[in-house]
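A.B. asks: coords please:
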Amino acid sequence: MSILERFLSNYKPLIAVPVIITLLAIALIATHGLTSNIDLKGGSTAVLQLEKPISSADLKTVIQNGINNNQVDVTSISNNQATIQISGPTDVTKFASAISGTGTILSFQSVGPLLSSQALTQVYYALAFAFLFMSITVFIVFRNVVPSLAVIFAALSDIIIALGGMSLFGIPLSVASVGALLMLIGYSVDTDILLTTRVLKRREGTINERAVNAMKTGFTMAAAAIGSMVALYLVVVLFIPYAQTLSLIASVLIIGLVADVLATWLMNLGILRLYMEGRR
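C.D. replies: Below is the predicted model of the structure:
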């Protein structure tokens, strides 16, 4: 008996693993909350080319004194470049004057409270409609309540665990991270449909043999996706730290893809096996 077959022979207790992690993620989100990036909460962000070596604390003090704003955060300094976030809209001329002699502005973005509020509302609509139409599509494809609900619950678990990871590691909610969550919905449904189609609709071999075949394909897909996101994250952090959008997307997808492995191959597969054994 192979490792995967031994794993499948004791599948019932494993269904609880992603369920428990999902509940812990909900508790973490409820207690710790999620931070928002400036594109959703309003504020300013700037990337500077430093003219001389300076510490994060000293640079923060220089900017605070120059613009009379205590809500300044130096998020990174690397390769003579610094990324700054400021609470509230900031006049770019005043900011440039504040850093005169310390650095020059490579990029500057300021988002007002009205625009950020509208962006946050659109984020909620995007996630809600994506999940709604995904659920409708799944029901149309399988036309069976239990397998369809298993796919939907697995995708929902992926999103919740990803949000819990964002809360745990301080990854801000932004347009970039929301894009990663939307991609995660698509990827989750892809792996769940792969599993459900092979186990439920195919007839050759036993349930275990069909499940093992699906797991081999699914693990290969997951390893490739997680490996590529880890590589992207390391490249951005080590060589292009000012490209925060890419690091946000990569970090959210890494958490979500790991969650998808648990939700698909522990919870969804377990529910499918219970369902098919009950039918027999």
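
A.B. asks: per the record, what domains does this structure have?
C.D. replies: Per automatic domain parsing, the structural domains of the chain span 3-38+115-279, 43-111.

A.B. asks: Can you tell me which of those domains is packed in deepest?
C.D. replies: Comparing the domains of the chain by mean neighbour count (mean count of other Cβ atoms under 10 Å), domain 3-38+115-279 ranks first with a mean of 18. In short, each C-beta sits where N, CA and C put it, glycine included.

A.B. asks: returning to that earlier point: ok, of the domains of the chain, where does mean pLDDT dip lowest?
C.D. replies: Among the domains of the chain, domain 43-111 carries the lowest mean pLDDT, a mean of 82.

A.B. asks: Please name the spatially closest residue to residue 259 (chain neighbours excluded).
C.D. replies: In this structure, residue 259 finds its nearest non-sequential neighbour in residue 161, 3.7 Å apart by Cβ to Cβ, 6 or more residues apart in numbering.

A.B. asks: my read: the one you found touches residue 256, true?
C.D. replies: Yes - here residue 161 reaches residue 256: they are 7.1 Å apart, a contact under Cβ atoms under 8 Å.

A.B. asks: what are the phi and psi values for the residue nearest to residue 259?
C.D. replies: phi -70, psi -40 (degrees, to the nearest 10).

A.B. asks: Quick check: it vs residue 96, distance?
C.D. replies: 42 Å (Cβ to Cβ, to the nearest Å).

A.B. asks: what about the helices in the stretch 1-150 of the chain?
C.D. replies: Assigned by DSSP state H, counting those that start in this stretch, the helices in the stretch 1-150 of the chain fall at 3-9, 16-32, 38-41, 56-67, 92-98, 113-142, 145-169.

A.B. asks: how about those, which one is nearest residue 267?
C.D. replies: Of all the helices of the stretch 1-150 of the chain, helix 16-32 sits nearest to residue 267, with 4.5 Å by Cβ to Cβ.

A.B. asks: ok and the closest one relative to helix 145-169, angle-wise?
C.D. replies: 40 degrees (axes from the mean of the first three to the mean of the last three Cα atoms, to 10 degrees).

A.B. asks: Tell me who's in contact with the residue nearest to residue 246 when sequence neighbours are not counted.
C.D. replies: Distances taken as Cβ to Cβ, 6+ apart place residue 236 nearest to residue 246, at 4.8 Å, with adjacent residues excluded. Residues near residue 236 by Cβ atoms under 8 Å, 6 or more residues apart in numbering: 243-244, 246-247, 250.

A.B. asks: one step back: dump the helices of the stretch 1-150 of the chain to TSV, plus distance to residue 232.
C.D. replies: Output for the helices of the stretch 1-150 of the chain, formatted as TSV (distance: least, Cβ to Cβ, whole Å):
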stretch	distance to residue 232
helix 3-9	29
helix 16-32	24
helix 38-41	21
helix 56-67	25
helix 92-98	31
helix 113-142	23
helix 145-169	16
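
A.B. asks: Nearest residue to the middle of the protein?
C.D. replies: Nearest to the mean C-alpha position of the chain, by Cα atoms, centre = their mean, lies residue 252 at 2.6 Å.

A.B. asks: Can you check what angle separates the helix or strand hosting that residue from helix 16-32?
C.D. replies: Counting by DSSP states H and E, the element that carries residue 252 is helix 244-262. If you take the same axes, to 10 degrees, helix 244-262 sits at 140 degrees to helix 16-32.

A.B. asks: hmm, back to that, could you dump the contacts of residue 236 to JSON lines with distance to residue 212?
C.D. replies: Formatted as JSON lines, the contacts of residue 236 follow (distance: Cβ to Cβ, whole Å):
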{"residue": "243", "distance to residue 212": "40"}
{"residue": "244", "distance to residue 212": "41"}
{"residue": "246", "distance to residue 212": "36"}
{"residue": "247", "distance to residue 212": "36"}
{"residue": "250", "distance to residue 212": "31"}
